[in-house]
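J.: I'll drop the sequence and a predicted model, then ask my questions.
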Amino acid sequence: MKTSLIISTYNWVEALTACLGSVAAQKRMPDEVIIADDGSRDDTRIAIERFSVENNIPVRHIWHEDRGFRLAAIRNRAMAAATGDYIIQIDGDLILHTGFVADHINIAERGYFVVGSRAILGPQLSSRILSGDLSSASLSPFGCDMRNRLNAVRIPLLTRLLATRRGHGARGCNMAFWRDDVVAVNGYDESMTGWGHEDKEFAARMRNSGIAQHSLKFGGIVYHLHHREASRMRENINLDILRRTESEHLTRCTDGIEKYL
């Protein structure tokens, strides 16, 4: 199984650099890293090129023009460019546990997509990490300045046992799916711009098409760096699209990944 790790980012090069540092520390590396860049400035490109030179792994930078929050579109472009059979999707403001990729690969199963969770770091710990402190001690679930700390506990045996839990929630910062399942539902709905619910709507179409959801617990650990919340001006519009998908049991969107294939 070939694995593609897709990392979405937008104009926060310090966070992306820390995220990529945690990718380099993985016990099991993905087969390729794809940066889904929603229109960042040139310093992001430079950081990605540096990572590519310093690490023996294929890296691709997928960029489009900055025309507002278009996460769905850039994720579609990145997934269309992916050569892996299995896609692990994260955001560029996350730090990955060293077993993150291995945990996702170990739980991968045909007929399922996977939704993970996250521990949330406070401003002080986030500042330390952005300054270069990526020590395991600073990310202990028993340390300070962390919320949802149970999500930072890794117990591989329980990860497999609890994988049979079905769920309906989805968080796009920590998901995994088979690429051909993504193509079958036409990827993300690009009519959903701005913050909110594009990941839940995508997951709803996967479930509607017969792809069941696994919940990844006690593994696939990510730590979310503290930052200000994005504008939610279009949240209600996106929520209406999600509700229609759920009520009408839609399996495909109209404006999706197919135009990039």
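T.: Structure received.

J.: low pLDDT regions in this structure?
T.: 134-138, 164-168 (pLDDT under 70).

J.: Break down it into its strands, ranges please.
T.: 3-9, 32-37, 59-63, 86-91, 94-96, 112-115, 119-121, 146-147, 174-178, 212-215, 222-224 (DSSP state E).

J.: what residues are up against Ala170?
T.: Val115, Asp199, Lys200, Phe202, Ala203, Ala204, Gln213 (C-beta atoms under 8 Å, 6 or more residues apart in numbering). C-beta here means a position set from N, CA and C on the backbone, and glycine is covered the same way.

J.: In contact with the fifth one, which residues?
T.: The reference is to Ala203. Ala203 is in contact with Phe113, Val115, Ala170, Met175, Gln213, counting by C-beta under 8 Å, 6+ apart.

J.: just those now: which is nearest Arg50?
T.: Nearest to Arg50, judged by C-beta to C-beta, of the contacts of Ala203 is Met175 at 27.0 Å.

J.: partners of the closest one in the sheet?
T.: Gln89, Val115 (DSSP bridges).

J.: Run a quick neighbour tally on it.
T.: 24 (other C-beta atoms under 10 Å).

J.: For Gln89, see how far away it is.
T.: 5 Å (C-beta to C-beta, to the nearest Å).

J.: And for Ile57, the neighbour number?
T.: The burial count for Ile57: 16, using other C-beta under 10 Å.

J.: Verify the contact between it and Met29 for me.
T.: Yes: the criterion here is C-beta atoms under 8 Å, and Ile57 meets it with Met29 at 5.8 Å.

J.: May I see the strands of the chain organised as CSV, with distance to Ala163 added?
T.: Shown next, in CSV, are the strands of the chain (distance: least, C-beta to C-beta, whole Å):
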stretch, distance to Ala163
strand 3-9, 17
strand 32-37, 25
strand 59-63, 30
strand 86-91, 15
strand 94-96, 19
strand 112-115, 8
strand 119-121, 19
strand 146-147, 24
strand 174-178, 12
strand 212-215, 5
strand 222-224, 17
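
J.: just the helices in this protein please.
T.: For the chain, the helices defined by DSSP state H cover 13-24, 42-54, 71-81, 100-107, 123-130, 156-161, 179-184, 198-208, 235-247.

J.: I appreciate the help and will end here.
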